[in-house]
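*Asks:* with the input below, show me the fold.
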Amino acid sequence: MAVLEILRYPDERLKSVAEPVAEFDQTFQDFIADLEATRQSAPGCVGIAAPQVGRSVRVVLVDVSTKPKITHHGHLALVNPEVTAWDGFTVGREGCLSVPDFTGNVIRAERITVEALDQFGGSVKYEMEGYEARAVQHEIDHLDGLLFLDRLVSRRSDLFRRKKYQKSGGEKG
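*Replies:* Numbers count the residues shown, from 1 in each chain. This next block holds a predicted model:
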């Protein structure tokens, strides 16, 4: 498994609409493994989309299970995902591997139903809420060429510079 390079805003490839996946061969399985290795290499990362690593295919990985007291479905590999129902709206703070220096307040549906294929091509359907629903919506946006920056409540008051923390020993983080 390889850790892939993350594209960063304003890379134009992040604005492209991704193509549906049709082949679930070994090359695709290897890509899923590399995408997961890339997600895991970023501390605190709960999701990643294929376009973030320069692959314009409709694949997202989401796993919010490490967050305490979060309702979740475990590790999800969603291929060609589609939100088929949504309910309620809430504002929440989001960050992104492709926009590492900022976070922002974004309005998302509180509850969603997602239909997709799993990494082997089998049909899956999930009803989710809260943080997991927010993470999945964020990642699906990447498949449509959208970043959280495109969904800010207000660019003037809802975009925040991410804090930089110092590592022990005085090194800059």
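
*Asks:* which is the succeeding secondary structure element to the lengthiest strand in the chain?
*Replies:* Under DSSP state E, the strand in the chain containing the largest number of residues is strand 76-96. Downstream of strand 76-96, the first helix or strand assigned by DSSP states H and E is strand 99-117.

*Asks:* contact partners of the lowest-mean-pLDDT helix or strand in the chain?
*Replies:* Ranking every helix and strand in the chain by mean pLDDT, DSSP states H and E puts strand 159-161 at the bottom, with a mean of 94. In this structure, residues lying in contact with strand 159-161 by Cβ atoms under 8 Å, 6 or more residues apart in numbering are 93, 101-104, 149, 152. In short, each C-beta sits where N, CA and C put it, glycine included.

*Asks:* residue 64 reaches residue 45, doesn't it?
*Replies:* No. Using Cβ atoms under 8 Å, residue 64 is not in contact with residue 45; the gap is 10.5 Å.

*Asks:* okay, those two: which has more neighbours?
*Replies:* The residue with more neighbours, out of residue 64 and residue 45, is residue 64; 22 against 18, by other Cβ atoms under 10 Å.

*Asks:* quick one, grab the pLDDT at the more buried one.
*Replies:* Residue 64 is assigned a predicted lDDT (pLDDT) of 97.

*Asks:* with adjacent residues omitted, what lies nearest to the residue most central in space within the chain?
*Replies:* Central residue of the chain (Cα atoms, centre = their mean): residue 139, 3.1 Å from the mean position. Excluding the flanking residues, the one nearest residue 139 by Cβ to Cβ, 6 or more residues apart in numbering is residue 60, at 3.8 Å.

*Asks:* mind checking which helix or strand that neighbour is in?
*Replies:* strand 59-62.

*Asks:* so what strands line up beside that strand?
*Replies:* strand 47-49 (antiparallel), strand 76-96 (antiparallel) (DSSP bridges).

*Asks:* most packed of those?
*Replies:* strand 47-49 (a mean of 27; mean count of other Cβ atoms under 10 Å).

*Asks:* contacts for that one, please.
*Replies:* 18, 35, 38-39, 42, 59-63, 97, 135-136, 138-140, 142-143.
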